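Asker: Predicted structure and sequence below. I'll ask about it afterward.
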Amino acid sequence: MSALDARSQPAPVVAVATNWRDRPRVDLALRVLRIFVRNRPAVVGAVLLFGLGIVAAFAPWIAPYPPLQADLCFACVYQPPTWDHVAGTDLLGRDVLSRTIFGARIAWQVVVVAIGVAIGISVPTGLAAGYLGGKLDELVIMRIVDALMAMPALILILAMTAAVGPNLINTMLIIGIVWSAGYARMTRGVVLSIKQEPFIEAARCMGAGPLRIITKHLLPNVVAPVIVLASLSAVAIILVEAGLSFIGAGVQQPTPAWGGMIFEGYSNLFRSAWPVMAPGVAVVLMVVSFNFVGDGLRDALDPRLRNIG
Amino acid sequence: MISYITTRLLSSLLVLVIVSIVAFILMNVVEGDPARAMLGLNATPEAIAAVEASLGLDKPLHARYRHWISNAFQGDLGLALTSRIPITEIFKSKIVPTMELGILALLVMLCVSIPVGVLAALRPGSKTEVAASTSMIVGASIPEYLSGIALVYIAGFQLEWLPRIGYVPLTEDVIDNLRHMVMPVIALSLISTTLVMRQTRSAMITVLRDDYIRTARAKGLRDRAVIFRHGLRNAMIPVITVFGFQVGVVFGGAVITEQVFAIPGMGRLFVQSVVQVQDYSVVQNLVMFFAIITITVNLLVDLTYPLIDPRIRQGVNS
C-alpha cells in the first residue's frame, strides 16, 4: 500500500494539457502491450489462460464423455490412463478428463463472477469514499474494510457459508464480497493520492461536479491498478474456491469442481492416485498462468505498483 | 512512541469489536431457526419456546450480544447447540494442535524464506536468479491440499518414511508428535514461504541499489556486513508486512491442512461445524479465535516497525 500512498511523482499534466483524449491513450496501450509481450512467462500464461477459456467455453464439444456418466462395472472404476480414458476413471467409473474439462467452466465462472462482484461493490464505494471523504468514509467504510481484511479470507468465507449455505452461487457472491475490501482500500488509496493534483483542481475550477470528476478524471486512473489486482486476486480466488469445494463447503457433488474432485480422489488415494492427477494439474496450471499474467501486467501497466498483491 | 502504540492498540481493538459484531450478526440473523433445527419439525410451540428461552433466544439481539461478550470474558462461551457440551471445553482440546501446526509452519517459513530470498537477491538478472524466481511463482501456485496429498502419497504411502495422517498429542510422545507434524507443516508453509521469499528478494534488490550500500562497500566493509547489517535491515519493513499478511494465510490454510491430515484442531472443528452439524454458536466463537490470532500478530508486526526503522520511531514522535 505504501507504494500507492506515496505517489509523489507529478501527474501526467502534459497529457491533460494537450489533446489527452486521443493519442496518448493509444500510445499507452501499445506501450503496455509491447512491455507485456517481452515478458515471456506472462505470454505463456496468457496463452494457457486463453486455452483454458476455450476449453471451458466449448466443454460439451471437447470432452469425450458426459461429466456425470458413471459406469460401475468392476473393471470400469479406478482405471489408469488408457486410450479410451486419457486421465483414467474415478470411483464411479466417470471419465476424469471430461470432468476436469467441465471443471474449467466452474473455475472460470467463479473467477469472473467473484471479481465482477468485488469490482462492482468496491470501485464505486472506494471512488466516492476517497473523493468525498468525511465521517462516513473514515468511521464506517474504512473500518468495515479493516475488519474484513483482518480476517483470513477462508475463515470469513466459511463463516458466511455457514450462514447462507454452500452452493455455487453463494460461493461466488461471498468470495466477491470478501475480496471487495481489498479493492475498495486500493481504489480509495489511488483516489487519495491524486485528488489534490492540479488536473483535478483544474476540472473543479471549470465547474465539474463530483460525479463528473469521479467518472471522467478519477475512474481512468483506477483502471490500471484494478486490472493488475484482478489478475493477481484471481490466483487467490481459484485457490480458495478449490479449497472450499475440497472441504465440502463450496460447489457440491456431483458437479465437477476441481476441489471436490481432488477430495474425492484423496479419499481413495491408495486405491488409485489417477483421479487426483488431472484436476490437480489443472488447478496448478490455471494458478501459475494467472500469477505470470498478473506479474506481467503489473510490470507493463505501472512499475510503481510493484508491491501490490 | 507511546502515542503510536496506543493508536495501534485502539485500532486493533476496534477492528476486533467490529469482527465480533459481524460474526454475531451473521450467525444470529441469517441462521434461521436453531430451536426448530434441534427439536425437529414436529416440535410443539411450547417446547420450542422453552428451548429458545434456555438458549436466550427470546431476548433482543443487543442483549444477546452483550451476554455473549461478557460471558466470553469470564471464559464461558456457552454450549454447543447440537452436542450441548460447553464450547470452552471443546476448544481446550482443539487449540493445541492448531497452534502447534501454525507456529511450526510460521517458523519454517521464516527460517527458509528470508535466507533464500537474500541469496536470490545477490545477483539479480543471472540465470540462477531467474530460475529461482520462476520456481517461486510455481511454488506459490500449489495449494496446501495438493502438496499435502502429494506428500501423503509419496512419503507416506510409497516410501513409508512418515506416518500418513493423524495426530499424536505433544504430551504423549514428542518424537511421534513431530513425525506426524512434518508433512502438514511443509504443505501448509509452502505458499507462504515462497511469497515471503519473493518479497525478501525484491526488497533486497531495491535496497542493495541504494547509495549507502555503495558507501558501505567503499569504506571497506566485508560483504556479509554490508548485506546483513545495511541491506537486510532496511529491507525488513516490506518483508515484515508480508509476514503479517501470511499469518492469516497460514491459519486460514490450517483449516484445510487439518482436513487433509485429519488433525483434530480448531480448523477441523470449523469445517465440521459448518458442513456437517451447522452449529452456529461454535462457528461464531471460532471466527473470534482466528480473528484474535491474526489481529494480535498484526498488532505485534505494527509494533516492530519502530524497533527496526528509527525513521518511523522519529516520525511517530512528531
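Answerer: Thanks, I have it.

Asker: rest of the way, CA atoms for contacts and neighbours
Answerer: OK.

Asker: Can you name the residue of the stretch 101-250 of chain A nearest chain B?
Answerer: Proximity of the stretch 101-250 of chain A to chain B (C-alpha to the nearest C-alpha) peaks at A:P152, 4.7 Å away.

Asker: quick one, what contacts the residue in the stretch 201-318 of chain B positioned nearest to chain A?
Answerer: Going by C-alpha to the nearest C-alpha, chain A is nearest to B:G248 of the stretch 201-318 of chain B, at 4.7 Å. For B:G248, the contact set (C-alpha atoms under 8 Å, 6 or more residues apart in numbering or on different chains) comprises A:150-153, B:294.

Asker: what about it, distance to A:M277?
Answerer: 29 Å (C-alpha to C-alpha, to the nearest Å).

Asker: A:L239 too?
Answerer: From A:L239 to A:M277 the distance is 16 Å (C-alpha to C-alpha).

Asker: and those two? which has more neighbours close in?
Answerer: Between A:L239 and A:M277, counted using other C-alpha atoms under 10 Å in any protein chain shown, the more crowded position is A:L239 (22 against 19).

Asker: what does chain B put close to chain A?
Answerer: B:15-16, B:18-19, B:23, B:26-27, B:30-31, B:137-138, B:141-143, B:145-146, B:149, B:153, B:157, B:248-249, B:251-253, B:256, B:259, B:271, B:274-275, B:278, B:280, B:283-284, B:287, B:290-291, B:294-295 (C-alpha under 8 Å from any C-alpha of the partner chain).

Asker: from those, which would you call buried?
Answerer: Buried residues within these, counting neighbours by 16 or more other C-alpha atoms under 10 Å in any protein chain shown: B:15-16, B:18-19, B:23, B:26-27, B:31, B:137-138, B:141-143, B:145-146, B:149, B:153, B:157, B:248-249, B:251-253, B:256, B:259, B:271, B:274-275, B:278, B:280, B:283-284, B:287, B:290-291, B:294-295.

Asker: Please identify the helix or strand for the residue of the stretch 201-318 of chain B closest to chain A.
Answerer: Here B:G248, judged by DSSP states H and E, is contained in helix B:233-261.

Asker: Please identify the buried residues of that helix?
Answerer: B:234-261.

Asker: is it true that B:L190 touches B:E144?
Answerer: Yes. Counting by C-alpha atoms under 8 Å, B:E144 is a contact partner of B:L190 at 7.4 Å.

Asker: counting contacts, what elements does whichever strand or helix holds B:T88 pack onto?
Answerer: For B:T88, the element it lies in under DSSP H and E is helix B:87-121. Judged by 3 or more C-alpha pairs under 8 Å, 6 or more residues apart in numbering or on different chains; DSSP states H and E, the packing partners of helix B:87-121 are helix B:127-139, helix B:174-208, helix B:233-261, helix B:266-271.

Asker: Would you point out which residue is most central in chain A?
Answerer: Centroid check for chain A by C-alpha atoms, centre = their mean gives A:A234 as the closest residue, at 2.4 Å.

Asker: Relative to A:W83, how far out is that one?
Answerer: As judged by C-alpha to C-alpha, A:A234 and A:W83 stand 34 Å apart.

Asker: Who are the contact partners of B:I186?
Answerer: Contacts of B:I186 (C-alpha under 8 Å, 6+ apart): B:105, B:108.

Asker: Same check on A:P80?
Answerer: By C-alpha under 8 Å, 6+ apart, the contact list for A:P80 reads A:87-89, A:272, A:274.

Asker: Also B:M204?
Answerer: B:118, B:121, B:231-232, B:235.

Asker: For it, report the pLDDT, please.
Answerer: Looking at B:M204, its pLDDT reads 87.

Asker: which intervals of chain B have sub-threshold pLDDT?
Answerer: Within chain B, the segments meeting pLDDT under 70 span B:30-41, B:315-318.

Asker: for the spatially most central residue of it, what are its contacts?
Answerer: In chain B, the centroid-proximal residue (C-alpha atoms, centre = their mean) is B:F251; its distance is 2.7 Å. With contact set as C-alpha under 8 Å, 6+ apart, B:F251 has these partners: A:152, B:102, B:290.

Asker: Make JSON lines out of the residues you listed and add distance to A:G209.
Answerer: Converted to JSON lines, the contacts of B:F251 look like this (distance: C-alpha to C-alpha, whole Å):
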{"residue": "A:P152", "distance to A:G209": "39"}
{"residue": "B:G102", "distance to A:G209": "51"}
{"residue": "B:F290", "distance to A:G209": "44"}
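
Asker: Please compare the residues you listed by their distance to A:F199 and name the closest.
Answerer: Comparing the contacts of B:F251 against A:F199 with C-alpha to C-alpha places A:P152 closest, at 38.9 Å.

Asker: Excluding chain neighbours, what is closest to that closest one?
Answerer: B:G248 (4.7 Å; C-alpha to C-alpha, 6 or more residues apart in numbering or on different chains).

Asker: distance of the one you found from B:V255?
Answerer: Distance from B:G248 to B:V255, by C-alpha to C-alpha: 11 Å.

Asker: any idea whether the closest residue to B:F261 other than its chain neighbours is helix, strand or coil?
Answerer: Nearest residue to B:F261, sequence neighbours excluded (C-alpha to C-alpha, 6+ apart): B:I165, at 4.6 Å. At B:I165, secondary structure determined by DSSP: H, G, I helix; E, B strand; the rest coil is coil.
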